[in-house]
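# after the sequence you'll find the predicted model.
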Amino acid sequence: DAGVTQSPTHLIKTRGQQVTLRCSPKSGHDTVSWYQQALGQGPQFIFQYYEEEERQRGNFPDRFSGHQFPNYSSELNVNALLLGDSALYLCASSLASGYTFGSGTRLTVV
Amino acid sequence: GENVEQHPSTLSVQEGDSAVIKCTYSDSASNYFPWYKQELGKRPQLIIDIRSNVGEKKDQRIAVTLNKTAKHFSLHITETQPEDSAVYFCAASIGSNYQLIWGAGTKLIIKP
């Protein structure tokens, strides 16, 4: 049984560009959450998707947007990248209780 | 909004000794408190969690205690081993499927 898979694993982008990160949830999980983890800090909640709708949102600007597909997979899009967007982006899936995390996408903005 | 504070930021213990990490939360509506272990460059992994209707939960060498009145919860690791070295995060949520608010993390170092 595959866990949560994220792609790509690493990414380097230039300031001002746009990026799309992808997540496939654990089999049977219908809820996907995205977190941003800066170096040396705890993860910060970006948003959560359930039934293809954004159900909860953290304190992130509109530059951060997402989508969930009918197969429960999800995308995180970030527009107009800033140097401060450099971080590990974690996807977590869940079904009723508890999260399973993916290995993350390391985004570096230069 | 919810805020979670975690202490200490770094904890160094002798192999075989116990380690205790403490967290406090601000939102009395929080009712789900997981603990995650994150090794360098890896994903956070759930090691134990507790819900607000329980005061203590134990799983082999790991235990978590919750004091709802004081809004404190703590992670206890006994008989520490080198493989326990990692960063540990506490988190709080109003439900196990809701957004997690994380502490800043504790770097646990096990000295041989």
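Cool, the structure landed.

# neighbouring strands of the host helix or strand of residue A:92 in the sheet, and parallel or not?
Secondary-structure element containing residue A:92, defined by DSSP states H and E: strand A:87-95. For strand A:87-95, the paired strands and their directions (DSSP bridges) are strand A:31-37 (antiparallel), strand A:97-101 (antiparallel), strand A:105-109 (antiparallel).

# assign residue A:84 to helix, strand or coil.
Going by DSSP: H, G, I helix; E, B strand; the rest coil, the secondary structure assigned to residue A:84 is helix.

# not counting sequence-adjacent ones, nearest residue to it?
For residue A:84, ignoring the flanking residues on the chain, the nearest one in space by CB to CB, 6 or more residues apart in numbering or on different chains is residue A:109 at 7.8 Å. Glycine gets a C-beta too; all of them are placed from N, C-alpha and C.

# contacts only, for that neighbour.
Applying CB atoms under 8 Å, 6 or more residues apart in numbering or on different chains, one finds that residue A:109 lies in contact with A:12-15, A:81-86.

# kindly recompute the last result at 10 Å.
Under the criterion of CB atoms under 10 Å, 6 or more residues apart in numbering or on different chains, the neighbours of residue A:109 are A:11-17, A:19, A:78, A:81-87.

# model confidence for it, exactly?
Each residue has a pLDDT score; the one for residue A:109 is 98.

# identify the bridge partners of it.
Judged by DSSP bridges, the bridge partners of residue A:109 are residue A:13.

# how near is it to chain B?
Distance of residue A:109 to chain B, computed by CB to the nearest CB, to the nearest Å: 19 Å.

# can you check residue A:103 too?
Relative to chain B, and taking CB to the nearest CB, residue A:103 is found at 5 Å.

# is it true that that residue lies in a strand?
No. The assignment for residue A:103 (three-state DSSP) gives coil, which keeps it out of a strand.

# just to check, it is in contact with residue A:9?
Yes. Residue A:103 is in contact with residue A:9 according to CB atoms under 10 Å; the separation is 6.9 Å.

# quick one, which of the two is more surrounded?
residue A:103 (17 against 10; other CB atoms under 10 Å in any protein chain shown).

# check what contacts stretch A:48-62 and list those residues.
By CB under 10 Å, 6+ apart, the list of residues contacting stretch A:48-62 from outside reads A:23, A:25, A:30-36, A:44-47, A:64-70, A:72-76, A:78-80, A:82, A:85, A:92-94, B:1, B:97-99, B:101.

# what's the span of it from first residue to last?
By CA to CA, to the nearest Å, the extent of stretch A:48-62 from end to end equals 14 Å.

# buried set for that stretch?
Under the neighbour-count criterion of 16 or more other CB atoms under 10 Å in any protein chain shown, stretch A:48-62 has A:48-50, A:55, A:58, A:60 buried.

# among the contacts of stretch A:48-62, which lie within helices?
Among those, no member falls in helices (DSSP state H).

# need the buried ones from those selected in ChimeraX.
Entered in ChimeraX, the line below selects the buried ones among the contacts of stretch A:48-62, by 16+ other CB under 10 Å:
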select /A:23,25,31,32,33,34,35,36,44,45,46,47,64,65,66,68,72,73,74,75,76,78,85,92,93,94 /B:97,98,99,101
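
# mind checking which of the contacts of stretch A:48-62 are in strands?
Secondary structure assignment (DSSP state E) places A:23, A:31-36, A:44-47, A:64-68, A:74-76, A:78, A:92-94, B:101 from the contacts of stretch A:48-62 within strands.
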